[in-house]
Structure formats: structure tokens, C-alpha cells
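[1] my questions concern the predicted model and sequence given below.
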Protein chains: 2
Amino acid sequence: MEAINLKEKFNLFNDQWTPKVITNLDDNHVYLTKIEGDFVWHSHENQDELFIVVEGRFRMDFRDKAVWVEEGEVLLVPAGTEHRPSAEAECKLLVIENAGTDHTGGVDDDRRQEEHERI
Amino acid sequence: MEAINLKEKFNLFNDQWTPKVITNLDDNHVYLTKIEGDFVWHSHENQDELFIVVEGRFRMDFRDKAVWVEEGEVLLVPAGTEHRPSAEAECKLLVIENAGTDHTGGVDDDRRQEEHERI
């Protein structure tokens, strides 16, 4: 059991849209990611997904609205809800979701990873 | 689906050691709490617990060591691990744990709550 410093962990990588798992919480992954630009529209049928903005801001597009999420804010995307994260400038996120969740919701995309790196 | 501003939520309450649920993540509670002083020694047999320091710092005592956790740091307490949070000055935490988890691990304490308020 050691404290995990988020800034130090974010300094370990520069690639974007690549979840880096920092710990597990029961059957969930707790991961960091840097995002910029648009991701793919997707949903996770049976799992909620929690986003915490550590630095920057991003916009979560839903089919009926868009929600800006600022530094120090949290967004919960309920299971089964189509969403698309988007960031005009790089945004650093802490995300928690079930370890079995496909981060693109099964949507084919160059950024899709079967396994996430641990840092 | 709305962004949840942590500072605004922390401004809604002054009591300490009282989890305030801001959202659910699958079967977990995501809650805010303000802590100061020592909590009780306890453990959660089957559930991990994740602590994120939003403001301030705290010390997590384990039976064999103590870990300081600073602002912007995260600590995972594995299931079954005895722990005691402690803060010399008020510390603001975001905590994620199974919604069925007893926050004192069943230990009798004046601060024990059967149900957590939602804010």
C-alpha cells in the first residue's frame, strides 16, 4: 500500500487515448488517460463509467446533449448510454470502469486496446 | 448526466466523517467526506476502498506502517486490510467503495451511519 501520485504517473507517458491502469478497485480498473480530439461513439451495455478531470477540460457528447467537464469535476456515464469524449486541448483524466469493459464498447478503432498497460 | 463540481459539493456540508454520496458507479458509492482526527481501526472483509485526496492531506495507518497521502494522490486499501484514516487538519476526500460496505467495518462508533446522505 503506497500513495499513488497522479502527476508523477501522468509524467510516465505521452500517448493519448491509451488507458494506463494505476490500481484495481475490486473488479474495476482505475486508470489514467490523456485525451485530445474526438473518440468514437460507443456505450458499455452493463457498466457505468466514472470520469474525473485531473487537468484540463473535456466535453462528453451524448446523443441529446453535450456536457463540459472541468478540472475538479466528475461525470458518471450510466451503463448503456451512448457517449463520445472529446477534448479541444489535451485533458488528463482518471477513469474507473469494470476491468472487463471494452473502452471502445466493441467499436473498431485504431485506438482500441485489448489489454491496458499498468504503470 | 451532469458534471459534478467537487468544490461546490464540499461547500454543502461542514460535518466530518459523514460520507455524502454524489453518485453511484455500478454497485459502488462515490462519496465525499471531510475528515479530521483519528477514525476507528477497521477493515472491509470483501471490498477494496479507494481514497482520492481532493484537498489537504491525511495519514492512513496500517498495522505495520503509516502512509501519508497528499493532495492529488490516491490510495487503495485492499479488502481485508486493517486501516485507520487520520488527519491532523481537515482533509477533503473522494472515496469509492461498495455501496454495501459498512464504513466502520462493523465497528461500533458514534460516527457510524447505516445510511449515507446524498448531496
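    All right, it came through fine.

[2] can you spell out which helices and strands pack onto the longest strand anywhere in chain A?
    Ordering each strand of chain A by length in residues (DSSP state E) puts strand A:83-98 first. Packing contacts for strand A:83-98, counted by 3 or more CB pairs under 8 Å, 6 or more residues apart in numbering or on different chains; DSSP states H and E, involve helix A:6-10, strand A:28-38, strand A:49-55, strand A:58-62. C-beta coordinates here come from the backbone N, C-alpha and C atoms, glycine included.

[3] now do it and strand B:49-55, the angle between them.
    Between strand A:83-98 and strand B:49-55, the angle comes out at 120 degrees (axes from the mean of the first three to the mean of the last three CA atoms, to 10 degrees).

[4] do the one helix or strand in chain A whose mean pLDDT sits lowest and chain B meet?
    None of the helices or strands of chain A scores lower by mean pLDDT, DSSP states H and E than strand A:117-118, at a mean of 94. No - Strand A:117-118 stays clear of chain B (CB under 8 Å from any CB of the partner chain), getting no nearer than 13.0 Å.

[5] please name the nearest non-neighbouring residue to A:Ile96.
    Spatial nearest neighbour of A:Ile96, chain neighbours left out: A:Leu50 (4.5 Å); criterion: CB to CB, 6 or more residues apart in numbering or on different chains.

[6] enumerate every residue touching that neighbour.
    Residues near A:Leu50 by CB atoms under 8 Å, 6 or more residues apart in numbering or on different chains: A:Val74, A:Leu75, A:Leu76, A:Val77, A:Val95, A:Ile96, A:Glu97, B:Thr23, B:Leu25, B:Val30, B:Ile96.

[7] give me that answer again for 6 Å
    Shown in contact with A:Leu50 (CB atoms under 6 Å, 6 or more residues apart in numbering or on different chains): A:Leu76, A:Ile96, B:Leu25.

[8] next one: A:Asp102
    Contacts of A:Asp102 by CB under 6 Å, 6+ apart: none found.
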